[in-house]
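S.K.: Fold the following, please.
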Amino acid sequence: MRDTFVFGAAAAAISIAIPTMAGATPLPFDTVYSIDVPNTAIAGFTGPYGFATVHLVDATDAVVTFVGNTVGANVFTFTEMALNVNSSSFTADVVSFIPVGSATPTYTLKTGQNVSSFGNFDLFFKATPNGASARVSEAVVDIHDNGAGWTESDLVLIPDAKSFDLAMHVIVNTGGTTGFAGDGSHTEICPNGGTPPTCSTTRSGPPGVPEPLSLAILGTGLLGLGLAKRRS
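M.R.: This next block holds a predicted model:
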C-alpha cells in the first residue's frame, strides 16, 4: 500500500507517492539449554560444561548447536552428544564440528542409547575415536521432522524419563578427567534483539523513504502551501 501526499498551488498540483514500510515478520526465538548437571566423574568441576542452542529454521527443520564452555581455569570440550527429539518420525545428522584434539572424529548415530545417569535418548552420536584426542569445541546437529513439525524452538526437544532433553560427553581440559553432563535449565533468547516470544522483526517489503528525501519532500510541500497562500 502506498500513501500519496499532495502539495501545490491553486493552478497546479504535485503528487508524490511514498512507499511505506511493509508489514514486518517476527523472527523466531532460539532456545538455549545449559548443560550444567554433571555425573559423579566430573562433579568436582564447576559448570556449566557447555550449552546447546536450538534454532528453528522453518516448521520442519531445526539446528542444534552444541558448544563447550570455559569456567575459570577449566576448559570443557566434548566428544559425543545425545538428545531427545519431540517427533515420531525424523532424520538427524552431524553437519559440522570444530575439532580441537589431535584426531578428527567421525560420528555414528545410535538410537535408544542409555547415557550415564541421564536416561535413554532417541539420538546418540558416538564419536570414533572416543576420547580426548577427538574432542571438539562445537558440533552442529541438523534435524528434519517428517510430520507437521514444530511451532517454536522450545518444542523441538522433549525430556526423557529422567527429565533431561540432552547430554554430552565432557572432556575436562586436555582429557585427564572425562564424564557426562545433562541439561539443568533452558531459556529463550532473541537472536536479533527483543524479548521472547516477541523478537525483533525483519523488514519484508521495500524500505521507507530515506530521511534526506523526506525532508526535501516536506520542504517542497511547505513551499507549495506558501505559494498557494500568497496567490489566494
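
S.K.: and the longest strand for the chain?
M.R.: Counting residues, the longest strand found in the chain (DSSP state E) is strand 177-189.

S.K.: Parallel or antiparallel, which strands does the helix or strand following that one pair with?
M.R.: Helices and strands here follow DSSP states H and E; after strand 177-189, the next one along the chain is strand 194-195. Applying DSSP bridges to the sheet, strand 194-195 is found paired with strand 198-199 (antiparallel).

S.K.: Any idea what Val140 is bridged to?
M.R.: Beta-bridge partners recorded for Val140 (DSSP bridges): Thr65, Ser96.

S.K.: What does the pLDDT read for it?
M.R.: Looking at Val140, its pLDDT is 98.

S.K.: Would you quantify the distance from it to Thr31?
M.R.: From Val140 across to Thr31, the span is 15 Å (CB to CB, to the nearest Å). (C-beta placed from N, C-alpha, C; glycine too.)

S.K.: re the thing from before, now for the longest strand of the chain, which elements pack on it?
M.R.: Applying 3 or more CB pairs under 8 Å, 6 or more residues apart in numbering; DSSP states H and E, we find strand 177-189 packed against strand 30-38, strand 166-172.

S.K.: repeat that for 10 Å
M.R.: Applying 3 or more CB pairs under 10 Å, 6 or more residues apart in numbering; DSSP states H and E, we find strand 177-189 packed against strand 30-38, strand 50-58, strand 74-83, strand 166-172.

S.K.: Going by neighbour count, which residues in stretch 159-166 are buried?
M.R.: Judged by neighbour count (16 or more other CB atoms under 10 Å), stretch 159-166 contains these buried residues: Asp160, Phe164, Asp165, Leu166.

S.K.: So what's the residue count around the nearest residue to Val141 once chain neighbours are set aside?
M.R.: Nearest residue to Val141, sequence neighbours excluded (CB to CB, 6 or more residues apart in numbering): Val64, at 4.5 Å. Residues lying near Val64 (other CB atoms under 10 Å) number 26.

S.K.: Val57 now?
M.R.: By other CB under 10 Å, 13 other residues sit near Val57.

S.K.: returning to that earlier point: closest to Thr106 out of the helices and strands packed on strand 177-189?
M.R.: With CB to CB, the closest approach to Thr106 among these belongs to strand 74-83: 11.5 Å.

S.K.: For that closest one, list the C-alpha coordinates in CSV.
M.R.: Written as CSV, here are the backbone C-alpha positions of strand 74-83 (Å, rounded to 0.1, in the frame of the first residue of the first chain):
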residue,chain,number,x,y,z
ASN,A,74,38.9,-25.2,33.2
VAL,A,75,38.2,-25.6,29.5
PHE,A,76,35.3,-28.0,28.8
THR,A,77,35.1,-29.6,25.4
PHE,A,78,33.2,-32.8,24.4
THR,A,79,33.2,-35.8,22.1
GLU,A,80,29.6,-37.2,22.0
MET,A,81,26.1,-35.7,22.1
ALA,A,82,22.7,-37.1,23.0
LEU,A,83,19.2,-35.6,22.6
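
S.K.: Below-threshold pLDDT in this protein: ranges please.
M.R.: 1-27, 197-198, 200-232 (pLDDT under 70).
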